[in-house]
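In: I would like to see how this sequence folds:
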Amino acid sequence: MAVRIRMKKLGRRHRPFYRICVMDARSPRDGKEIEVVGTYDPMIRDEDARVRFNLERVGYWLSVGAQPTEKVRILLKKYGPSGTRLKENQEALARLAEQRARRLTRAKIAAAARGRAGQKTSETS
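Out: The predicted structure follows:
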């Protein structure tokens, strides 16, 4: 069985999102995958944070002969197990996680403030 590492398109119109999957070469683009080894979100502004790989599994599949497609080959060259921008990728993903945590904290504080404001108005009625 010929195995390829390729991108499976998800998301909606004008908001693409891709899973980087190991698939049989004969299956359709959005067909059944053998394993998901990463993601690619082209809508994230920081280029280095767009790609996430499970480096251990990617290394395994490459070692047993899986062939990446052109786009995945470029992403692996940059962010793969021996990638040229692996360090920048890890730093960007850490920054992105930190931003998301701050955004979640602000949302929780705002929700709590709205909850308290709602209680005050119901008490006075």
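In: And the helix or strand of the chain with the lowest mean pLDDT, what does it pack against?
Out: Within the chain, no helix or strand scores below helix 86-124, which has a mean of 84 by mean pLDDT, DSSP states H and E. Applying 3 or more C-beta pairs under 8 Å, 6 or more residues apart in numbering; DSSP states H and E, we find helix 86-124 packed against helix 70-79. The C-beta positions use only the backbone N, C-alpha and C, and glycine is treated the same way.
In: Spatially central residue (nearest the centroid) of the chain, please.
Out: Thr39 (3.8 Å; C-alpha atoms, centre = their mean).
In: residues making contact with the helix or strand it falls within?
Out: Using DSSP states H and E, Thr39 falls within strand 35-40. Applying C-beta atoms under 8 Å, 6 or more residues apart in numbering, the contact partners of strand 35-40 are 5, 7, 17-22, 50-54, 57-58, 61, 75.
In: Cross-reference those residues with the strands and report the matches.
Out: Among those, DSSP state E puts 5, 7, 17-22, 51-53 in strands.
In: follow-up on the earlier one: now the buried members of the contacts of strand 35-40.
Out: 5, 7, 18-22, 50-53, 58, 61, 75 (16 or more other C-beta atoms under 10 Å).
In: Now the two most distant members of these.
Out: Largest separation among the buried ones among the contacts of strand 35-40 by C-beta to C-beta: Arg50 and Trp61, giving 20.7 Å.
In: where does Gly65 fall, phi/psi-wise?
Out: Gly65 adopts backbone torsions of phi 100, psi 10, taken as degrees, to the nearest 10.
In: Show the contacting residues for it.
Out: Val3.
In: Return the distance of it relative to Pro81.
Out: Distance, Gly65 to Pro81, by C-beta to C-beta, to the nearest Å: 16 Å.
In: cool, and Ala92?
Out: Ala92 sits 17 Å away from Pro81, going by C-beta to C-beta.
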